[in-house]
Structures are given as structure tokens and as C-alpha cells.
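Give me a model of this one.
(one chain, ligands or ions: 2)
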Amino acid sequence: MLIAQLSDVHVGGGRYRDDLLRDAIAEINDAGPDLVVVAGDLTDDGYGDQYPAAKEELAALACEHVVYVPGNHDARNVGYLRYEETFGSRDRRMQLRLDGREIAVVAVDSSKPDLDEGEIGREHYGWIEEGFRHAPNLRLFVCHHHLMPIPGTGRERNQVLDAGDVLALLRRCEVDLVLSGHRHVPYVWPVAGMLLVHSGTVSTLRLRGFPEPAYNLIRLDDERISIELCVPGGGRRSLGDYRREWPEDLSAPNSDPFSRPPRGPILADD
Ligand SMILES: [Fe+2]
Ligand SMILES: [Fe+2]
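Ligands and ions are numbered 1, 2, ... in the order given. Now for the predicted structure:
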């Protein structure tokens, strides 16, 4: 099974390069992924002219299943409303059958209007948990902001405000992969049974610790998850090849020392 992960497109920005995006999409289409995740910052400022342009470019993705979430740049200037008009719901739960596997995808808008900082928000926790309840093969969580600090990005300011609670929640849900963007630095953190996989910026020259635009190709089988970093029109390198199953003493899904009362009604039940 193959997942393509791209993010930080920044259509309309000063350092946006449409040739990079087109190269990346052509390469992704050639690779024929089962699922494509576009992990936020589709536009540079959320403006009304940037959304149709982003949609038009991203429509070239040939994959049947494409999951989008907004990023902090998309939520600027009331862009979160234009996002909904253009790409649909900002939060999404999906059950997919891909390559013979049952996949649960929970994608959450971690942005807040006109802030660079992100938050998942406790009102989402029950909804997230429910989205992962019936997925035997693979659980994917998608949000724009990162849950762990990313090296090579300067001073850490934008990790989601409730990162600790969300990491514990995702571990309890036995999530396999967390796919994020935001810092424009490709990086993988293996944490407590999960791989937190971050894509770089696919189509801008807003670069930090990693000097080239990039997206990820993630290959999965029953035993391994391997992540390949791809430079549009350029080189490729491995971001790691990991075992699917973590030893119980490292993933430790039930070792959380905090006690939590059962949650009340969740948003989806209103
Ligand atoms: Fe970005
Ligand atoms: Fe961002």
C-alpha cells in the first residue's frame, strides 16, 4: 500500500513555485498511491483568489482518495470559510478499504483563525476516538500542526497547544501514523507505537533546516512502514524503514498514569 503525503503548498505566496507542485503531482500520479494526504497550508493567506487556484492545481491529483486539512495559512483572513466552500469539511472521518486493508482516517483542522499556533481541542477527543474504534488494519491521524518539536526550525512556537493530551489520546487509540506538515522540514519521530511523519513544503522556497522542497511516499505492508522523502523533479532518500508492530514495552498503550472519567456526549451526537 502506498500513501503520498504533501503539504505546505502555499499557492499565491511570494516563494511559491507552481512548477514544483506540478512536478510533484506528476510523480505522485506515476507512483499510483492508494491514498493522498494534503496536510494543510494549501494557500498562502486564505484569500478568495488563492483557493480556486489551489483547487485547480490539486485537481491534477489522479488518486481516487485525497484527504485535505487546512493549515494556519488557510485560516487567515476568514479563509477557513473559503476552505469549506472549496474543499468541504475541515474535519473528516473516513473508513476506507485500500489494497485489501481496512483503514480509518481521522483528519482534524488544527488551525485557529489568524494565529500561527495550533490546537486540536478537547471537544474533538471523543469524536477522534470514535473514528478509530472500528479499524483493524491501519489507523491514520492527519493534522497540519506538529505534535512533537521538529529540529532545524528555529525557536519552537507552534506545536499544538494540547499536544500532550493528543499524543496520549492517539496512543490509546493505537494510531499507526500521524501525518502533519507546517514546519517545512521533513522529519519522522517514532513515539509510543506511532510514527509521526512530517512532510516538508512541496512547492515553495520557504525552506529551513532541510534545504529543498519535498513530499513523502509512505509504503506499508503487514510488517514494515518505510518513508521516502522525494524532491520534486530531483533526488530521493529514505526517512526510515520501521517495523509495523512495536514491542509492547515500547508502545505501552495502557501505561498512561492519568485516570480519566468517561467522556460525555461528543459533537457528533448533538
Ligand atoms: Fe506552511
Ligand atoms: Fe503552517
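
Please make it C-alpha for all contacts and neighbour counts, starting now.
Noted.

From the contact counts, what lies against the longest helix seen in the chain?
When the chain is parsed with DSSP state H, its longest helix is helix 18-31. Helices and strands touching helix 18-31, by 3 or more CA pairs under 8 Å, 6 or more residues apart in numbering; DSSP states H and E, are helix 50-58.

Just the buried positions in the helix it packs on, please.
Residues of helix 50-58 classed as buried: Gln50, Tyr51, Pro52, Ala54, Lys55, Glu57, Leu58 (neighbour count, 16 or more other CA atoms under 10 Å).

In terms of helices and strands, where is the residue in the chain that ligand 2 sits nearest to?
Here the chain gets closest to ligand 2 at one residue, His182, 3.6 Å apart by CA to the ion. For His182, there is no enclosing helix or strand under DSSP states H and E.

Am I right that it is in contact with His145?
Yes: at 5.5 Å, His182 and His145 qualify as touching, with contact defined as CA atoms under 8 Å.

Now the common contact residues for the two.
Gly71 (CA atoms under 8 Å, 6 or more residues apart in numbering).

Which one of those two is surrounded by more residues?
Taking neighbours as other CA atoms under 10 Å, His182 and His145 compare with His145 leading, 30 against 27.

picking up where we left off before, looking at the buried residues of helix 50-58, which is nearest Ala75?
Nearest to Ala75 among the buried residues of helix 50-58, counting by CA to CA, is Tyr51 at 11.3 Å.

who touches the closest one in this structure?
By CA under 8 Å, 6+ apart, the contact set of Tyr51 is Leu42, Thr43, Arg82, Tyr83, Thr86.

any idea how far ligand 1 is from it?
To ligand 1, Tyr51 is 15 Å away according to CA to the ion, to the nearest Å.

Kindly report the same for Arg90.
Distance, Arg90 to ligand 1, using CA to the ion: 17 Å.

Also His182?
For His182, the distance to ligand 1 - CA to the ion - is 5 Å.

can you pull the contacts of Gly40?
Contact partners of Gly40, counting by CA under 8 Å, 6+ apart, are 7-9, 68-72, 74, 143-144, 181-182.

In strands only, show me those residues.
Those of the contacts of Gly40 mapping onto strands are Tyr68, Val69, per DSSP state E.

Can you redo the contacts of Gly40 as CSV, where the extra columns are pLDDT?
Listed next are the contacts of Gly40 as CSV, based on pLDDT from 0 to 100:
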residue, pLDDT
Ser7, 98
Asp8, 98
Val9, 98
Tyr68, 98
Val69, 98
Pro70, 98
Gly71, 98
Asn72, 98
Asp74, 98
Cys143, 98
His144, 98
Gly181, 97
His182, 96
